[in-house]
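> Okay, predicted coordinates and the sequence, questions at the end:
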Amino acid sequence: MTTQTAIFRIDGVTKSYGGVKALDAVTLEAGVNEYLSLLGPSGSGKTTLLRVIAGFEVPDSGRVFFQGRDITNLPAHERGIGFVFQNFALFPHLTVRQNVAFGMAHGAVPVSAQDTAQRTQAVIDMVGLKGMEDRGVDQISGGQRQRVALARTLVMQPKLVLLDEPLGALDANLRGRMRNELRAIRERMGVTFLHVTGSETEALAMGDSVVVLDRGRIIQRGAPDDIYSHPASPDVAHFLNRFNLFDGTLAGGSFTGAFGTVGVTNATRAPRDVYAIRYDRLRVVPVSAAPTGPALKATYIANEYLGSSVMNFFETADGKVVEVEHHLSLGAPETYEPRQDYLLTWSPDQAIVFGREGK
Amino acid sequence: MESRVLKPILAVYVVAFILFLYGPFFVLTILSFQQGPDGGPQFPITEWSTYWYQQIFGLTPPSRIAPLPVGEALIRSLILAFMTMVTSTVLGVMSAQAFRRKFRGSSFVFYLIVLGMMVPGVLTGLGTSLLANNVFGITRHWYTTAFATHVAYTFPFAFLVMLAILNRFDGSVEEAAWSLGVTPWKTFRKVTFPLIFPGVLSAMLFAFTLSLDEFPRSLFAAGGTEDQTLPLAIYGTFAVEIHPNIFAFGVLTTLFSFALLSVYGILMGMSVRRARKLAMQEEIA
């Protein structure tokens, strides 16, 4: 991506709170009309990053550029960057219409009353709040409040909208619907969204591109399927919450762990040796079987029904819990005896191996 | 089990407390309807009448008992209380707003402000009068020196009320307004102020009522007779002889206070509905 098409760029931004680095020399760029999701555990600095871009926090060092202009020291209200809060932060003393019109009615850039009314109505219709205009924001549901928050921001026609866990306050059902709507609305408006989330499924489902943040640093950036199938480090694999991770030793092209020694064809360079195998890549066989691949003896504990799949939990001799996912589309799940030993096996070429020997 | 014993005891305690609180006012009210001008400030009531109320408003024929010299003092006190209320509330809101961010020496400034309500009023009053007379050589007036002591006294109350309100205030609505391109000042006017208005109202009530019946500071810091505030004027009449006209006046000022409280209550009720909306929004967060 070239600088010309970048809508914003942050350059070596560092921000500390009382000696703790929330952001450690973060450099990030997003293009025009792009949906970027920012995934990180709590405390990874993702909200701080948004707040620095929005102008609510001043970075200790580094620069922030927006539309080619250095805005590091520009106050928030002069930036023209939209922000959608996790708690929506609606103006509680105003109606839906007044909330949406607020930026035009009181902003530094004057907008005529007629334009204000017209634009307000248009965006209210777009987010599906027609008929709610004169309600107080306490008289509408959580999903509707989310729409008001979005409408209020979008009506200002920003080129960049920052969303801080915007779906976190909604129930699961609504979250799924709002995901689709967010994408659709963004595409219609042609703005860049920078969406912060702690949910790996949300990040993978929504972003054109996903940025993984950990302890104030960006540890991977890429397309969702790329991150999913090629996590750059054990940490990324851990955040994706789809992999069983085993510690061990990678030496001379083979990995030695609790499951014995397995040949490795392709290892990713990382500061520690970790063997990762996706939940749905494991197979369960009786102890008496002699599988061709690697085998790990484990005790069945319990399972969890997830709708489209069943998650089975096993415990290895050294107390590690291993998760095995069975997609129901592949047939009815097998039943396992609690407290019984089984062998877990997989095909070695489906494992992702990290290590100091990797490339 | 326990409540069977505890409840009656608490009930008796509450009744005793209320009697203690309102008893004097109750007795005062009865005595204010004493016959005049010969009836004295004690029981029994020789004859029920509204003589002393009429006397306050100058509706009675002249008698040996002079009307209360409180008319001008009342006006003075009301103006002073109003000035104090406006100044202290504005200062209180502004300083509490400043305390939302930690700044160097903030705890020192905090104690400096709060000192104003801790220092004995007599000392403040005396000190101010000495300062005015001997150091600056200025004449003391109710609207200068006394006003300054009243502000120093009521400002901490307004400050603490606003501090408590702003402590619970969720700043994300302000950030939301900024991100919509609204300047911080406009944001304060259109978002922050409407939301903290219940607190502002309470701060105003504190400042007004505290100033209205302030005595020790005014005693020294206000000037001569033509600078007397209402509490000073009333105290002055005690020195001669007490007549039921003071009781009648007391009843009237109490009614005035109740009227003030009612206005406060109505305004509060209106803004509490807003606050409730905010609380609902905070629950989501």
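Looks like it came in fine. Numbers count the residues shown, from 1 in each chain, chains lettered A, B, ... in the order given.

> backbone phi and psi for the closest residue to chain A within the stretch 1-150 of chain B, please?
Chain A sits closest to residue B:102 of the stretch 1-150 of chain B, with a gap of 11.0 Å, by C-beta to the nearest C-beta. From N, CA and C alone the C-beta is placed, and that goes for glycine too. Per-residue torsions, residue B:102: phi -70, psi 130 (degrees, to the nearest 10).

> do you know how far it is from residue B:109?
11 Å (C-beta to C-beta, to the nearest Å).

> Tell me which of these two has more neighbours.
When residue B:102 and residue B:109 are compared on other C-beta atoms under 10 Å in any protein chain shown, the one with more neighbours turns out to be residue B:109, at 14 against 7.

> hey, which helix is longest across chain A?
Taking DSSP state H as the criterion, chain A has its longest helix at helix A:172-189.

> what's that one packed up against?
Counting contacts by 3 or more C-beta pairs under 8 Å, 6 or more residues apart in numbering or on different chains; DSSP states H and E, helix A:172-189 is packed against helix A:142-154, strand A:192-197, helix A:200-206.

> Mind doing that once more with 7 Å?
helix A:142-154, helix A:200-206 (3 or more C-beta pairs under 7 Å, 6 or more residues apart in numbering or on different chains; DSSP states H and E).

> Just the CA coordinates for the helix or strand following the shortest one, please, in PDB.
Just to be clear, that refers to helix A:200-206. In the C-terminal direction, the helix or strand that comes right after helix A:200-206 (DSSP states H and E) is strand A:209-214. Provided in PDB are the C-alpha atoms of strand A:209-214 (Å, rounded to 0.1, in the frame of the first residue of the first chain):
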ATOM      1  CA  SER A 209      -7.500  -7.000   6.900                       C
ATOM      2  CA  VAL A 210      -6.800  -7.900  10.500                       C
ATOM      3  CA  VAL A 211      -4.100  -6.400  12.800                       C
ATOM      4  CA  VAL A 212      -3.100  -8.400  15.900                       C
ATOM      5  CA  LEU A 213      -1.900  -6.300  18.800                       C
ATOM      6  CA  ASP A 214      -0.200  -7.700  21.900                       C
END
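
> Nearest to chain B, out of the helices and strands packed on helix A:172-189?
helix A:142-154 (6.7 Å).

> which residues are contacting the longest helix of chain A?
Residues from elsewhere that reach helix A:172-189 (C-beta atoms under 7 Å, 6 or more residues apart in numbering or on different chains): A:35, A:126-127, A:142-143, A:146, A:150, A:154, A:167, A:170, A:193, A:202, A:205-206.

> Alpha carbons of that helix, as PDB, please.
Only the C-alpha atoms of helix A:172-189 are listed here, as PDB (Å, rounded to 0.1, in the frame of the first residue of the first chain):
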ATOM      1  CA  ALA A 172     -25.100 -12.500  20.600                       C
ATOM      2  CA  ASN A 173     -28.000 -12.600  18.300                       C
ATOM      3  CA  LEU A 174     -27.900  -8.800  17.700                       C
ATOM      4  CA  ARG A 175     -24.200  -8.900  17.400                       C
ATOM      5  CA  GLY A 176     -24.400 -11.200  14.400                       C
ATOM      6  CA  ARG A 177     -27.000  -9.000  12.700                       C
ATOM      7  CA  MET A 178     -25.000  -5.800  13.400                       C
ATOM      8  CA  ARG A 179     -21.800  -7.300  12.000                       C
ATOM      9  CA  ASN A 180     -23.500  -7.700   8.600                       C
ATOM     10  CA  GLU A 181     -25.000  -4.200   8.800                       C
ATOM     11  CA  LEU A 182     -21.800  -2.600   9.800                       C
ATOM     12  CA  ARG A 183     -20.100  -4.100   6.700                       C
ATOM     13  CA  ALA A 184     -23.000  -3.100   4.400                       C
ATOM     14  CA  ILE A 185     -23.100   0.500   5.800                       C
ATOM     15  CA  ARG A 186     -19.400   0.900   5.500                       C
ATOM     16  CA  GLU A 187     -19.400  -0.300   1.900                       C
ATOM     17  CA  ARG A 188     -22.300   2.100   1.000                       C
ATOM     18  CA  MET A 189     -20.500   5.100   2.600                       C
END
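
> Hey, what's the angle from it to helix A:142-154? Just curious.
Angle between the axes of helix A:172-189 and helix A:142-154 is 20 degrees (criterion: axes from the mean of the first three to the mean of the last three C-alpha atoms, to 10 degrees).

> So which bits of helix A:172-189 are buried?
If you call a residue buried by 16 or more other C-beta atoms under 10 Å in any protein chain shown, then helix A:172-189 has these buried ones: A:174, A:175, A:178, A:179, A:182, A:183, A:185, A:186, A:189.

> with those residues in mind, which one is nearest to chain B?
residue A:174 (12.5 Å).

> Would you quantify the distance from the closest one to residue A:146?
Taking C-beta to C-beta, one finds residue A:174 at 8 Å from residue A:146.

> can you check residue A:258 too?
According to C-beta to C-beta, residue A:258 and residue A:146 sit 45 Å apart.
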